[in-house]
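> what would the 3D arrangement of this be:
(one chain, ligands or ions: 2)
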Amino acid sequence: MDSSLRKFFNPNSLVLLGASSKEGSIGYEILKSILKFGYTGKIFVLNPNSKEILGVQCNSTLAEISDKIDLAIILLPKKLVLQGFKECVRKGIKNVIVITAGFKEVGDEGAKLENELLKIAMENQVRLIGPNCMGVINTDATVKLNATFAAELPKHSKTAFLSQSGALAAAVLNTISQTGFSFGQFVSVGNKADVNENDLLDYWANDPNVDVITMYLESFEDGRKFYELAKRITPTKPIIVLKGACSDAGSKAAISHTGALASADKIVNTALKQCGAMRVETIEEMFETASAFQKFSLPKGNRVAVLTNAGGPGILLVDELERNNLKLSSLNINRTKRLREILLPESSFGNPIDMLPGATAQIYKNAAEIILEDNDVDSLIIIFVEPVMIDSFDVLSFLSIVQKNSRKPVLLTAFPLPRFWGRWGKLGDKETIIYKSLELPPKILRHLWERKLRIEELNANRKSLSKLKTKERDDLQKIFDRNKDQLIQQKDLQAVCKKLKLPIVKSMLVENLKEAKQKFKSLKFPIVLKVESPDVIHKSDIGGVITNIKNLQELESAFKQIRQNLKKKKIAGKNVSYLLQEFVNGGIEVIIGGFRDPGFGPVVMFGAGGKLVELIKDNNFALAPITKHEAEKLIYNSKIYPLLKGFRGEKGIDIKPIAEILLLCSELMMNYDEIKEFDINPLIVKPGRGKSKIVDMRIIL
Ligand code: ADP
Ligand code: MG
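Ligands and ions are numbered 1, 2, ... in the order given. Below you'll find the model as predicted:
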């Protein structure tokens, strides 16, 4: 594999700039880490004031060294970093890690210096990790590089781990002897001046030594790119993301409902789900999920059997299963019969199967094997609470065999006495995964199950469709050009709908009552009257919408009413015109929207519309472009869907035409960068084809 990042993890030689002979300083500790872990390459140390540090001879300049150097690690004081960096470039080093802090993270001056580093790096095809980072680790036996100042080291595995926070990485490394977390490659990306999560995704995707990618991120450097990359990678390599800084403020400047509802965190969630990455909430969940992906095959379904020797823990675990959208399997009757033959008669034979504290190692194993044969069981969780008389070591040894031999996931969670762990650490099977909580196994199982679903979806869903023809596209462009930087005018909205064949309700724009009286006949009563003005965003909020107008007389008083309401709100007459519309009787109001996220780009939204938008917050997003399947899924997953499907004997609504509109909106967002946000709110949907109507729409350029 040839990549500009390879030498960060596999350098044949490295040099430290800023190594120090002072014990306890970073420049000392990092060299100690490198030596202690047994780096297999050549080490050079630059220090004009010392002859040797920790037994390594020092050089005073890079020029003195005749060997080729693959990697430079800079820990110099901030004011010397630039000079040191330039020296590395002159020496022809192509990979540089800057650990030193005090750059972008401290303000403008630091940012300037950081930009300078980046500029030099780009001009010379040098890749830069950091600044303000903690370094890299590669636990591979052929490399053994620990270029961090954390002394503790993980067990080797094929998990890659990226951390945007050095301190969080330190917390993980410092506790590794208790947690047992494992990984192969680690990188602290710091300020991400050059190398960021997208570069590493791409790199690890192609690295055969990595089979799961984990990331702690506080921000996405380029969300859209992450999404595209991850979508390509996740079907073959799981990506697990722990995202911090989940502030939930919506986009404050948004004019549309969609924009206001699209909080940054919601879009992150949407993007991760849609690209098939898994989002986790804790460090523990992240590493345990990574190991689970390596250990277990994906379950066929979400039906779980629970085998326990303790009632209460079994009940709590079942509650957790439900929280994680997993189901209890109903055991086959033959299976129950066979369980009765081997378990105490007082046991519970339903699910959870509670064998009571008397269950021995052999009984545990036999029962587990019987349950796993059941076709209605997709995975098994086994709980063990150590009773007096039963030896934990025996039980877990037997269960470890069950875990190893099963094609279905077998998750063990155990609560033995403390002395067990020491013994297991020495003599137990190292490959066995034993959890110590009731909350974690259901979460892990959910990730396994969801991964299976997402892979299927991604594989089924590769192409998105394009419906717009060139002619339509050009016509629409003209409309958007003449409405630059604002809300699209009503008459142009009608034109947009016509071009896209969106089912907008029959409408006409008039200046006043007089004009309305001349023209209303082309609509059939009952009709609707609305105010139309750039100063009014939410018309009904100010009494600007009157529906179900049955005759001319009512139309006259509707005009009067709206004019009065406008006066009360001091809305100027000169900017006001009126919209007459056919009245759509009955139906269900839904919202379809679009929004351009600053990081993840165009998204579309579906949910309950009209008055319900703010009330039930049924906002379901997807990154555009969407496929037909994704459009339908967006509808199925909404809170309003049960109502659309037909509630209490009512006739159901065909969702295909709604999905079609969503697809068109996705197209619109993809084709026209100038569209900032838009709402169709409401689209009033009814049973029967062609009866759904858009009664209100806004597009913001
Ligand atoms: P706004 O969103 O600016 O307040 P709308 O045009 O969406 O104004 O109208 C508000 C509400 O009035 C809609 O949610 C819907 O309940 C009702 N409404 C508006 N136009 C029609 C129509 N043509 N037929 C039936 N009901 C309508
Ligand atoms: Mg509306």
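
> contacting residues around the residue of the stretch 51-200 of the chain found nearest ligand 2?
As assessed by CB to the ion, ligand 2 sits closest to residue 198 within the stretch 51-200 of the chain, at 38.3 Å. Heads up, the C-betas are built off the backbone N, CA and C, glycines and all. The contact partners of residue 198, taken as CB atoms under 8 Å, 6 or more residues apart in numbering, are 221, 222, 225, 226, 229.

> ok, and the most crowded of these?
In terms of neighbours by other CB atoms under 10 Å, these top out with residue 226 at 26 neighbours.

> which parts of the stretch 151-300 of the chain sit against ligand 2?
For the stretch 151-300 of the chain, no residues are found near ligand 2 under the criterion CB under 5 Å from the ion.

> how many neighbours does residue 60 have?
11.

> which secondary element of the protein has the worst mean pLDDT?
helix 257-261 (a mean of 72; mean pLDDT, DSSP states H and E).

> name the helices or strands packed onto that one?
When contacts are defined as 3 or more CB pairs under 8 Å, 6 or more residues apart in numbering; DSSP states H and E, helix 257-261 packs onto strand 588-597, helix 612-616, strand 677-685.

> same thing but at 6 Å, please
strand 588-597, strand 677-685 (3 or more CB pairs under 6 Å, 6 or more residues apart in numbering; DSSP states H and E).

> just to revisit the earlier point, switch the contacts of residue 198 over to JSON lines; also include pLDDT.
Below are those laid out as JSON lines (pLDDT from 0 to 100):
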{"residue": "221", "pLDDT": "93"}
{"residue": "222", "pLDDT": "94"}
{"residue": "225", "pLDDT": "97"}
{"residue": "226", "pLDDT": "98"}
{"residue": "229", "pLDDT": "97"}
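
> any figure for the gap between the nearest residue to residue 63 once chain neighbours are set aside and residue 62?
Spatial nearest neighbour of residue 63, chain neighbours left out: residue 91 (7.2 Å); criterion: CB to CB, 6 or more residues apart in numbering. Distance of residue 91 to residue 62, given as CB to CB, to the nearest Å: 4 Å.

> who's more crowded, these two?
Set residue 91 next to residue 62 and count neighbours by other CB under 10 Å: residue 62 wins out with 19 against 15.

> that's a strand at the more buried one, yeah?
No - judged by DSSP: H, G, I helix; E, B strand; the rest coil, residue 62 forms no part of a strand; its state is coil.

> is it correct that it is in contact with residue 92?
No - counting by CB atoms under 6 Å, residue 62 does not reach residue 92; the two are 9.6 Å apart.

> on that earlier part again, the least confident helix or strand of the chain: how far from the chain's middle?
20 Å (CA atoms, centre = their mean, to the nearest Å).

> show me what secondary structure element comes after that helix.
Once helix 257-261 ends, the next helix or strand along the chain (criterion: DSSP states H and E) is helix 264-275.

> so what does that following helix touch, helix or strand wise?
helix 223-233, strand 620-623.

> comparing these, which comes out most buried?
By mean neighbour count, with neighbours taken as mean count of other CB atoms under 10 Å, strand 620-623 ranks first of the helices and strands packed on helix 264-275 at a mean of 24.

> export that one as CSV, just CAs?
This file holds the C-alpha atoms of strand 620-623, laid out as CSV (Å, rounded to 0.1, in the frame of the first residue of the first chain):
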residue,chain,number,x,y,z
ASN,A,620,-36.7,13.1,9.9
PHE,A,621,-33.6,14.0,7.8
ALA,A,622,-31.6,12.4,5.1
LEU,A,623,-28.6,13.6,3.2
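
> columns mean pLDDT, distance to residue 567 and mean neighbour count on top of the helices and strands packed on helix 257-261, output as CSV?
Formatted as CSV, those follow (pLDDT from 0 to 100; distance: least, CB to CB, whole Å; neighbours: other CB atoms under 10 Å):
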stretch, mean pLDDT, distance to residue 567, mean neighbour count
strand 588-597, 95, 29, 25
strand 677-685, 95, 26, 25
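
> redo those as JSON lines? Include distance to residue 106.
Below are the helices and strands packed on helix 257-261 laid out as JSON lines (distance: least, CB to CB, whole Å):
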{"stretch": "strand 588-597", "distance to residue 106": "28"}
{"stretch": "strand 677-685", "distance to residue 106": "35"}
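
> for residue 515, which of those is the nearest?
strand 677-685 (26.2 Å; CB to CB).

> which strands border that closest one, and is each parallel or antiparallel?
Paired with strand 677-685 in the same sheet, following DSSP bridges, are strand 588-597 (antiparallel), strand 693-694 (antiparallel), strand 697-700 (antiparallel).

> and the angle from the first one to helix 223-233?
The reference is to strand 588-597. On the basis of axes from the mean of the first three to the mean of the last three CA atoms, to 10 degrees, strand 588-597 is oriented at 100 degrees to helix 223-233.

> measure the residue of the stretch 351-500 of the chain found nearest ligand 1 to residue 681 for me?
Going by CB to the nearest ligand atom, ligand 1 is nearest to residue 490 of the stretch 351-500 of the chain, at 11.2 Å. Applying CB to CB, the value for residue 490 to residue 681 is 15 Å.

> could you do residue 50 as well?
Residue 50 is 70 Å from residue 681, by CB to CB.

> could you do residue 8 as well?
For residue 8, the distance to residue 681 - CB to CB - is 49 Å.

> just give the number of residues close to the residue in the stretch 1-150 of the chain that ligand 1 sits nearest to.
Residue nearest to ligand 1 within the stretch 1-150 of the chain: residue 104 (42.8 Å; CB to the nearest ligand atom). Residue 104 has 19 neighbours, counted by other CB under 10 Å.

> got the phi and psi for it?
phi -50, psi -30 (degrees, to the nearest 10).

> next one: it from residue 115, what distance?
Separation of residue 104 from residue 115 (CB to CB): 8 Å.

> for ligand 1, what's its nearest residue on the stretch 151-300 of the chain.
For the stretch 151-300 of the chain, CB to the nearest ligand atom, closest residue to ligand 1: residue 257, 8.6 Å.

> that residue touches residue 615, doesn't it?
No - counting by CB under 6 Å, residue 257 stays clear of residue 615, with 11.9 Å between them.

> helices of the stretch 101-250 of the chain, start to end?
In the stretch 101-250 of the chain, the helices defined using DSSP state H, counting those that start in this stretch lie at 108-123, 166-174, 176-179, 197-205, 223-233.

> any idea of the angle the fourth one forms with helix 223-233?
For helix 197-205 and helix 223-233, the angle between their directions (the same axes, to 10 degrees) works out to 10 degrees.

> now helix 197-205: mean pLDDT?
Across helix 197-205, the average pLDDT comes to 98.

> could I get that helix in PDB with only the CA atoms?
Provided in PDB are the C-alpha atoms of helix 197-205 (Å, rounded to 0.1, in the frame of the first residue of the first chain):
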ATOM      1  CA  GLU A 197     -10.200  12.200   9.800                       C
ATOM      2  CA  ASN A 198     -11.000  11.900   6.100                       C
ATOM      3  CA  ASP A 199      -7.300  11.300   5.100                       C
ATOM      4  CA  LEU A 200      -7.100   8.600   7.800                       C
ATOM      5  CA  LEU A 201     -10.400   7.000   6.800                       C
ATOM      6  CA  ASP A 202      -9.100   6.700   3.300                       C
ATOM      7  CA  TYR A 203      -5.800   5.400   4.500                       C
ATOM      8  CA  TRP A 204      -7.200   2.800   6.900                       C
ATOM      9  CA  ALA A 205      -9.800   1.700   4.400                       C
END
